[in-house]
Each structure stands twice: as C-alpha cells, then as structure tokens.
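**Q** Got a predicted structure here, sequence first:
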Amino acid sequence: MKQKIGVYICHCGGNISDYVDVDKVKDVLAKEDGVYVSKTTIFACADSNQKEMVADIKANELDAVVVASCSPKLHQITFQAVTERAGLNKYNYVHANIREQVSWPHSDNKIGATEKAIQIVRSSVAKVRLSQAIEPIEIDTQQAVLVLGAGIAGMKAAISLAKMGTQVYLAEREHFIGGRIAHWDVLCGTEETGKELVTRLYTDVIANKNITLYTGAEMVSSGGSKGNFNVQLKLKPRYVADVCDDKENIKKAIEVCPVEVPDEFNFGITKRKAIYHNFPSEYPQAAVINMDDCTRCGECEKVCDKIDLSQKEETVEVKVGSVLVATGFDSYTPGEGEFGYQAIDNVITLSQYKRLLAISNGELKWNGKKIENVAYIYCVGSRQVEGENKYCSRYCCTATINTALRSNDKFKNLNHFHFTRGMRTYGKQEVFYHEASKQGHVFFQSYGDDPTKVENKNGKTIVKINDILTNRKELEVEADLVVLVTGMVPRAHNTIGDILKIPKGRDKFYNEIHMKLRPVETVIDGVTIAGACQGPKNIVESINSALSASIKSYSFVSSDKLSVEPIVAKIDENLCQYCDACTTACPFDAISKVKSGSKDVALINHTVCKGCGMCLPVCPTNAIQLITFSDDEVENMINVLANEL
Amino acid sequence: MNSKLNARILVFSTDKISDPAIDMAGLLKLHYPPKVYTIPLPCSSAVKTKWILHAFEQGFDGVFIAADGSDCPYGESCTEKTGDIVKRTHDIMKEKNIDPMRLKMAAICSVCSESFVKQVKSFDEALIKNKNAE
Amino acid sequence: MPNIEKKSFDALVVGGGIAGVESAINIANNGLKVLLVEKDLTIGGKMIMLSKVFPTLDCSACITTPKISEVDRHPNVTIMTNTEVLHIDKQDKHYFKAQIKEKARYVDVSNCTGCQLCEDACPVVVPDQYQYGMVGRKAAYIPFNIASPRVASIDIENCSLCGACEKACPTQCIDFTQEDKEYEIVVKSVVIATGFNLFDPLKIPRYSYGSAKNVITSMEMERHLAPTRPYNHVLRPGDGKMPDNIAYVLCTGSRDMTVGNPICSQICCMYSIKQAQLLMGALPMADVTIYYINIRSFGKGFEEFYEQAKGMGINFVKGKIGQIDELENGDLKVRYEDINQGKLVESKHDLVVLSVGAMANEDPKTMFKADTWKQDEFAFAQQKDLFYTPSLSSIDGVFLAGTTSGPMDIPDTILSSGAASMEAIRYIKQAKVEI
C-alpha cells in the first residue's frame, strides 16, 4: 500500500479550471487516505512544472503519483517519465482524465463537473495506492519493415528505410508500381512528369539490395504485433515469364489477343487487351494477363513461348517488426447523372481528361468532335452538402489549374471555364491561379446549397451557375467538354485496414493517434500510416509523411530488442483447475497447459501475451488477474466512484 | 441543472477504441450527464461479471459496456465474447433479482462520440424511469 | 553558460520552434548528437505563444510543452538559446564548419532558479515583446511562464545598471561582466528551421494599423485568447472595453500584389476561424464577422471546422476591404466591396483583427556563402528537388524543416520536420570519416 502519494491537479490554463473548481479538488484530495501532497498547477505538462514535480517527489520522498489533467492518450507517457526521473517506477503513476471526460463534456454544469473530477481523482488514488513497481518485458524484434503500397509514398518510405540498413518488403497490390502518379504528365511547379518521378523512385527501389519488391501482392492475414508481425501475402501470377526479353513476341501476343476491355490506366477512355502493358515505360517492364478478362483462347501462347498460363497463385510469409501502410486513395466516382456523368456523353472526370490530354496529338477531340470550350466543375465528391464527404480534397483545385494551364502548351484555342466553390490554391500554388486568371480563364463560384448544373439542351451541353462573383447572376456556358473535378475518397477495397484493425476518422480515412503529436502512428502499435490513405495530400505532403512514417517504423526495428508493456495476465496456480477455457479464449495462443506439482495448470507466455484480458472473465475459478487491472484495483475504484464523500 | 437527478452509471470503456470516442465527445463539447464514470480497460471482453455485480452492490444504478465491437485490435472474437459476458451476467442478475436492463452493452467505435452520448443519455433516462417505477 | 566541451556534433539544427524541436528529437533518438541553436531567449517559437490550435482546439502549450521537455532533457541534444548562427561553411561532404555567437544574458543560467525576485526588484519597465506590447515587463525578466529555459535574462539596452537585481538574487547568478561568446562548431549535417515572419501591417496604411488603436493583428489576438494571456480577458487595447462586434480581415499581406506578396499564407483562414470560435466562447454576446476572399479549409477536419463555425453563428462575408477608419469613440468604420451584393458597403466594428500572413524569414541567406543558399521567388528557401526530396535545400547536406520552405500549418510542419530529419540522419550515416 502506498502511503506517500502525490496528487497534482492541472488547470490546463483554463481548459479545466474554467469549469472545475480545482482548488476544491485539491483540498478534498489532501484529506484522502495515503495522500501526502495535493497541489494544483497551471500547466502540468510544462517543462518547468515537470521539473518542479521531480523535485517535489524527491523532496517529499513520495512513493506514488497521480496527475489529473487531460486524456491519458496525450500525457500519460509524459508523467510516467516524470515519475521515473524522480526515481520511482512508472507503474506507480496513475493518470486521471478530468478534461476530455469532465471539464469539456460538463462545461454546462460546473458543480457536477467539480464533483465528478473529485470522484475520478479519488478513484485514481484508490488505484495508485495498490500499485506496484513492474519492469518492462523485452522481446526479440524482426529488424524488417513491410511497406504496403508502391506508390510514391510507399516507394519513398521503402528507399529511406533501406538506406538506413533495414530489410524492407515492399508489396504492391497491382502488377505495376507507381500508384496514382504514374498516370500524370508534367507535375505542378516543376518540369518533371509523373512518369519521370516514378521512374526515379523505381530505379532506387530496384538498385537497393535491402528492398524486396512484390507486385500483384495482396495482404491476406497478419498475426503478432509490434516487433513481430507475421504477414501472409498472396501473389497473383502475371502468366508471363518473369524474365521476359522477348519483346517482339509479346507484342505479337498482344496483337493476337481478341479480347478488348476498357483500359484502367487511361480510366476507360481507351481499350486494352486481356494481355497488356500498362504504358510504354511501365514498371516492372513485363506484360501481364488479366485472367478475369482472358477467354483462354490460347492465341497468345501460339505466338509467344513466354506466356505461361500454368502459373499458380503463391503465398509468401514475411516476418517484420513494423508495418508501414501507404495504400493511397480512390478517386471519387460520380453517381449516375451527377453533373451529367454517364448521362451526357461529353462529361468526364479530371483523371480521364488528363489522360486524354496525354494521349491526344494535333487536335484535342472527344468522340470525334473538336474541343474548344472546357468547363471544369469543382468539388465533385468533396465538401458535399447532401452526401457524406464533408471534407475538402485539398489537391484538386491546384491539379485542375495545372492541367488547364498545361493543356494550352499542347493545344491552342482552348477556352477554360472554371465552376468553383471558391478556389483553394493554398500557399505558393496561388501563383498558378493568378496565372490562369491572367491568361483569360473564366472563374465562377457557386453557392454551397445551389450547385452548378449540367444540362443537355438540343444536343448541346450547357453548364449553368448562380454566380457569387457576379452578384448571383444566372450564367450559362456551352461546353464541348465538361470535366468533373473529383476528389479523393478512402480506398473502397480496404482489406488491409480490416486485417490490421486501423481505426478510421470521421472522414473514413485512416486515423493517426494525434494530428500534431503523433501524426503517422496508429493506435495499433508498430503500424504507421503515410500518404493519402490518411487523408487527401499532394505529392510533397505525401513524401513528407512517408519519410515521417519511415522514421517511426525505423524506431521499432532499429534494435534487435524491443521493450513492451508488462501489462500481462497472471495465473494463480492455487486457484487454477485447468479447464482450457482461457486457452480457448486467448486470441494470441499465449496460454498453454503445464504440470505444476501433481496438477495441470495454465501457463501464460508473457512475451506473447498482449494484455487484452479476454481470458479473465472466462475463468470459472477467477484464477486470472491482469496486471494493473486486478480485482482489488478495479473494485477499489468502483467503491470510490459509487460513493461520494 | 441538479446533477442529483441523474442515474449513476459506470462505463467500462476500452483504451484504444471506445475511450477515444468518449474523449472526443468532450472535445466536441457534447454534453451528457455528469454521473457517468468510466474505467478504461484494454478490451471490453476483459470485463469480469464479478466487477459488474460489485458495482451494483456498491450503488451504481447502471453499468454500460462501451464495447470495441468489430474494431477490436485484439481480434474478431471480441464482440461475441463481450456479448457472452453480458449474457452470463444478465442470468446471474435475474437470479439475484437485479433488473437486467441495468446492464447494457453497445459497440462504440473510436469516433462514435455522438452515439456514445445518445446511448448514455437514453440509458440514464431509462434508469431513472426504472428507479421511479420501483 | 552551456558547457560546450564537445565542439563537434552530428547535426546542427538552426531554430528552436516546433520544427527545429521536432527535428532535433528525431535525429537525437537515433543516437546522433545534435546542437539546437535558437536566437531567442527561449525555445518554442511561435507555437508556444498560441492560444489553441485548429481544428482540435487543443491548447497549444499542451502540445508544445511535451516536445519541449523531451528535447530539453534529451541526452543527445545540446540547446543554446540567445545564440546566433553567424556562418555555416561547407568544407566537404558531411563536413560543415559553423561560427556561432552566444549573446550575453548577464545571468548565470546554471544557477538561476527562475524565482523572479530580480524581476520584482528591477525598477525599469518596458513593453513586453512576448505579449506584443500589451503589458510591460522589467529589464530583468523571464520571457514568460512556460519559457524554456525558464531563467532570467537582463535586457542590457534598457537596464539602468542600478544593481537592484544583483542584490535581490538569492543565488548570486546575475553577472554584468558576461560577454558575448563565439564558438566554432563542426557538424556533418544542417537542418534549417528558422520559421517565418509575420507580415507587417504598417505596409498597408489604409488599414490604419498603428494609428487606430483598436486595429490589432491576429498574433496579438492569440495573446488575448491564450491561457497565459495578459489581461485574463479579451479587451480592446484602445480603452479596455470588452468588444462585442469584432471583424477579421483575411489575406492581410497575402494574395496581394500591392505589397509584393502574391501567395496565400495557408494558415490565416483556419487560425481566424479558430479565434472566432474561441471568441464566441469568451464573449458569448459578441458578433464576429470574417471578411474573406476564399475560405481555404483544406486540411484534415478543416472543412468540418469551418462548417462548425458557420453553425455557431460566425458571420462570413465575401468581401474585399478597401479602407478602415477610426471613429471618435475608437470604433472602426470598415469600407468593403461586398461580392455577394456586388457593391461597396460600410460597416462598423469595435475591434478589427488583421489576419496577417506568413512571410519568408531570410536569416539563412546571411549564414551561407553567397550563391550557395538559393531562395525561391518569394524569398523562401529553395527546394532543390521538390518531389523527390522536398526537404533538400540548394546545398547538399542542408535540409529544410517547416516554414523555411514556405507557409504551412502545424501538422504539415511536423511532417516536414520528420522528412528533414530522416534525410539528415541518412546523410550523416553516409559519412565515412569521423570528424
């Protein structure tokens, strides 16, 4: 039993003290059994206060500490560290959450908030009174990282980890690497094309011996956790020999293939065969057969002996200490009839338009008709008033402006009409907006609740807007082509998130622990996130987040040992009558049957136990206790919470 | 508002899933009755029946398990296991003449703040109604 | 004086704001030795001075301080505050020589306990630069309560040399004989995290900043709203009246060719919306109007935050401000072009906040040999390889963290610092020879 407990109650500069009478909390706590010091502080987390706390703990020879402040998710680690610096064990520290769960939700009820704060701090004291020193458990770590997704973020992360000497497995679901950027022509703000950027990254990936690249690789399962993940990857065959230098015959094979399907690389505006290349400088430079499209007619085999339809799906297992997720985004697909999409034949998406510009030469035509007036409709699938996507997709304003400006380099006499919801060319990107205005692009802005309309009138496509910029005038433009500026949405095909249990935010993208304190970590220890799988980002932002994620993933694998929380379950052998209920309940196979003297008992492997506690309630003799959540600790907390002073 | 009118509710939340949602309810300044106390655990399928009964003995009007549901980082079986705990405990409560409605469970995802507030508010009302009916 | 026995480090981080602090921690966590140099008396930069941060409304100090204490006690980080970088000369790959000057503080930092008795004793009062002149401070002073290091300093320019502080100091740590000290440092890599400057609204005379007392900048408003705020309330500076009709002027100094800055500052829309939300809390009866050209709530959770502000009753007016004039009672007459109505309109407010933009800090230019340090057309640091290595400057081995390369918000700054430090670590690890 701890008898010299220190209690520190934080004002949080008004966040708490505006609603909770912190002095009253302090005074009540001072009288609590075992409490030796009870104080308030303006900012408990401030460095100066931390130093004072360390001195205070030492000077008063305290044996346990409670800080009542914000959520433990923010500062539990901070104050555990303070406790350690003062010479105590960090498990002699208990955190009381009186901001997120008291002052903020009860800002409408100061008396109730103060009462609740007192109860919560008292229950924390009840818990810390029973606390004991515990030492961390060391586990062996796999010094390797699995990077999921070989777009620019995944490749950049893989390269930087590999350069640190880490073994990297880079797994791409598609047969070709490069993700979204491989499609694009000249990127905004440089003279570099997307293809060139992807080529540079791929060259580095291939040149680095520490990187193993899998394409056509899908994660199917994952076991273990931080330090020791076992991940199963399913490898789809290409049905074309790996080392294929027989370029001529592959070309013939493609020619003879009778199947034609829409080409995803050009977003369906062109056709490809069932055996196909992605584009002339794709990576890896090897054709692939899509078996969903293939009719097994065997024509290709006749002209090319590198075709191998007998290839089978394989599964590989990789053992890694950390998983870095860089699975990117999907482009929003407009609903049928949304701004005329699929209802009017000259309404296409921005992605399709960009590919159209890339593959067209001479004159820009759509369905055989020459294009002069291009209308861009912004925020399609973003900032929705009716729909679910409330967020702004961030990259699209600039991407559209850049596309429109660049299109003039290749095609003269294009007129650009931008139907916006307010331009968001943030930062330096503003200059492109400025440039477009200077070049005579016409900008309109619609009201949020009165969107732009696309109509077919006597075979003509008309775009109509109630324009803010011209005093709510209703304006019309006859467009040869309507480009829907579609935003970013989370991947629809999201098995990785389900397997790894990565939480999602309100926008359904993967969620970080804290946007500013821990922006690339997830609540799943050892799993980091990078790029647009976390939310819309442009290229520079994706690369920065990829490098940030790689530095965090590296911290899990830089040494061959990792210390993990010793919050594990313990068996009381006297009570245990081995019945196997706990063994069955454990999701980690941590519990086995052993002999203890004359009887069988359960034994928990503490390096495998994750401390989830699933075994606790199933034990018929109540023989299992979870460290820091023992019956005594939990019931003592309940005693306090149930009974006010 | 007189906080004495509220029922006393013990919430078992979970460190990684439901407790962040309860935190976010605070962040969004969503109000709920103040006599709602949480004890965060690693996982909702770690709640012992013994603890729940202890809470009723000590004077809690209701116990709410803010379960991980299918988001549980420890595995798929969480929903089922937490459900089993509630079922077992409900049976014992009936034996002991404790109204089973005083133990409630709902899955609260890591951003389900509004759902949490709705759940505890309606639980609070139901408990008060139940108490008054007694 | 920090004891600089070791004059060589793996990395030199210039600037102790959130970007520099984050970079230093990342590099030091990999077992590398870092020297963090800050020209101000305290680390923490602009972020530590902020009230709360968007879109979560966490208090800024709550997020800054854990990072600051982490860097402060990191065994691999040496921090020098009140220190300027004079030159950084690249000698060779992985080999930089730097000249730094530690300015005299006239206080023995190792013995100062931060008791503030010198402050009490000092008879000289001057405007407090950390509170933007809203209150005074002494010539012997601690910058602010959560400063790091939280130690005193003597402002020698304003000091009357009366000696009162010397007598009051219980640990005899005041030392008027201190002199500036120069050091030569050898490092393998450099991270520049010198941040940005706020736009000076005196450059737009028609906004009457400086002459009209109740026209303030957004940074001044931050101090009014911060937990460590000087008046513990929001009061307008002219007469101490609680304002009840506040206007925000977005794009002050941004997207404005007349002041030579065509770019958008990326942060002002959001910090203004945040301040407006906080004002609605602090002054429930007040009207808040935001005059904007475009609202740019583009980041994660930002658009939702903007919608929330509209829901709270904050008045958003799409309009360009022409002129702000002070009335006799200190109120302000704001003339603007209302885009929705398509005409010129006048309105009255009792407090006007200018949402000033983020401008380049050109300090690094003087540190490097001419022509090696390159800037972009807006005077921000040039990013040599924008997409492949965004943090690489024009000099190999010198990396850019945070707003050195352009305006960005805190989450982007943290990510950019992560990237800069990862590149710096990789660069340092390539060094074959120990220096």
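**A** Looks like it arrived, so ask away. Numbers count the residues shown, from 1 in each chain, chains lettered A, B, ... in the order given.

**Q** Tell me the pLDDT of the nearest residue to residue A:176 once chain neighbours are set aside.
**A** Leaving aside its chain neighbours, residue A:176 sits nearest to residue A:278 (4.4 Å; criterion: CB to CB, 6 or more residues apart in numbering or on different chains). Any C-beta I mention is one placed from the backbone N, CA and C, and that applies to glycine too. The model reports residue A:278 with a pLDDT of 79.

**Q** So which residues on the stretch 1-150 of chain C come close to chain A?
**A** C:26, C:29-30, C:53, C:56, C:58-59, C:61-63, C:65-69, C:72-73, C:114, C:145-148, C:150 (CB under 8 Å from any CB of the partner chain).

**Q** Which segments of chain A make up each domain?
**A** A:5-135, A:137-236+A:313-328+A:494-560, A:237-311, A:331-489, A:568-626 (automatic domain parsing).

**Q** out of those, nearest to residue C:397?
**A** domain A:137-236+A:313-328+A:494-560 (14.8 Å; CB to CB).

**Q** How is residue C:306 assigned, secondary-structure-wise?
**A** helix (DSSP: H, G, I helix; E, B strand; the rest coil).

**Q** whoops, I mixed them up, residue A:294
**A** Residue A:294 ends up coil, using three-state DSSP.

**Q** Out of the residues of the stretch 1-150 of chain C next to chain A, which are close to chain B?
**A** Contacts with chain B within the residues of the stretch 1-150 of chain C next to chain A, counted by CB under 8 Å from any CB: residue C:56.

**Q** Residue C:222 in helix, strand or coil?
**A** Applying three-state DSSP: residue C:222 is helix.

**Q** quick one: contacts for the residue of chain C found nearest chain B?
**A** The nearest approach of chain C to chain B comes at residue C:56, 6.4 Å away (CB to the nearest CB). Contacts for residue C:56 were tallied using CB atoms under 8 Å, 6 or more residues apart in numbering or on different chains; they are A:515, B:27, C:301.

**Q** So which of the residues you listed is surrounded by the most neighbours?
**A** Highest neighbour count within these: residue A:515, with 24 neighbours (other CB atoms under 10 Å in any protein chain shown).

**Q** my read: that one touches residue C:411, true?
**A** Yes: because the distance of 4.9 Å satisfies CB atoms under 8 Å, residue A:515 is recorded as touching residue C:411.

**Q** Need the overlap of contacts for these two.
**A** Contact with both residue A:515 and residue C:411 is made by residues residue C:300, according to CB under 8 Å, 6+ apart.

**Q** separation between the residue nearest to residue A:176 and residue A:272?
**A** Distance of residue A:278 to residue A:272, computed by CB to CB, to the nearest Å: 9 Å.

**Q** And residue B:72, by the same measure?
**A** Between residue B:72 and residue A:272 the computed distance is 42 Å (CB to CB).

**Q** can you check residue C:137 too?
**A** Going from residue C:137 to residue A:272 by CB to CB gives 71 Å.

**Q** For residue C:11, which three-state class applies?
**A** When the rule is three-state DSSP, residue C:11 gets the label strand.

**Q** Tell me the confidence at it?
**A** pLDDT, residue C:11: 97.

**Q** my guess is residue B:110 is in a helix, correct?
**A** No: Residue B:110: not assigned to a helix; according to three-state DSSP it is coil.

**Q** if I read this right, it contacts residue A:503, doesn't it?
**A** Yes: using CB under 8 Å, residue B:110 makes contact with residue A:503 at a distance of 4.4 Å.

**Q** Identify the contacts common to those two.
**A** Joint contacts of residue B:110 and residue A:503 (CB under 8 Å, 6+ apart) are A:511, A:523, B:16-17, B:20, B:71.

**Q** Just those residues: which are in strands?
**A** Per DSSP state E, strands hold no members of those.

**Q** Where does the prediction get shaky in the chain?
**A** Looking at chain A here, since you left the chain open. Where chain A drops to pLDDT under 70, the residues are A:242-246, A:280-281.

**Q** Oops, wrong one, chain C.
**A** In chain C, residues with pLDDT under 70: C:1-6, C:432-435.

**Q** what does stretch A:278-291 contact?
**A** Contacts to stretch A:278-291, defined as CB under 8 Å, 6+ apart, come from residues A:175-178, A:182, A:195, A:198-199, A:202, A:213, A:215-216, A:238-240, A:242, A:244, A:250, A:253-254, A:261, A:265, A:274-277, A:300, A:307, A:309.

**Q** filter those to the buried ones?
**A** A:175-178, A:182, A:195, A:198-199, A:202, A:213, A:215-216, A:238-240, A:244, A:250, A:253-254, A:265, A:274-277, A:300, A:307 (16 or more other CB atoms under 10 Å in any protein chain shown).

**Q** Tell me which of these fall in helices.
**A** Counting by DSSP state H, these place A:195, A:198-199, A:202, A:250, A:253-254, A:300 in helices.

**Q** can you redo these as TSV with distance to residue A:406?
**A** Output for these, formatted as TSV (distance: CB to CB, whole Å):
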residue	distance to residue A:406
A:195	14
A:198	18
A:199	19
A:202	24
A:250	32
A:253	35
A:254	30
A:300	37
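
**Q** Pick out whichever of those residues sits closest to residue A:583.
**A** Closest approach to residue A:583 among those (CB to CB): residue A:202, at 47.6 Å.

**Q** With adjacent residues omitted, what lies nearest to that closest one?
**A** residue A:283 (4.5 Å).

**Q** all strands for the stretch 51-200 of chain A, in order.
**A** Along the stretch 51-200 of chain A, counting by DSSP state E, counting those that start in this stretch, strands occupy A:64-69, A:93-97, A:137-140, A:144-148, A:167-171.

**Q** so which of those strands gets nearest chain C?
**A** strand A:64-69 (8.5 Å).

**Q** what's the neighbour count on residue 88?
**A** Just so you know, I chose chain A. Neighbours of residue A:88 (other CB under 10 Å): 22.

**Q** You answered for a different chain; I wanted chain B.
**A** That count, for residue B:88 with other CB under 10 Å as the rule, works out to 14.

**Q** residues touching it, list them.
**A** For residue B:88, the contact set (CB under 8 Å, 6+ apart) comprises A:617, B:49.

**Q** Give me the secondary structure label for it.
**A** Going by three-state DSSP: residue B:88 is helix.

**Q** what do you get for residue B:10?
**A** The three-state label given to residue B:10 by three-state DSSP is strand.

**Q** now it, which residues is it bridged with?
**A** Per DSSP bridges, the residues bridged to residue B:10 are residue B:37, residue B:63.

**Q** how about it, what does it touch?
**A** Each residue near residue B:10 by CB under 8 Å, 6+ apart is listed here: A:638, A:641-642, B:37-39, B:55, B:60, B:62-64.

**Q** What pLDDT does the model give it?
**A** pLDDT recorded at residue B:10 is 98.
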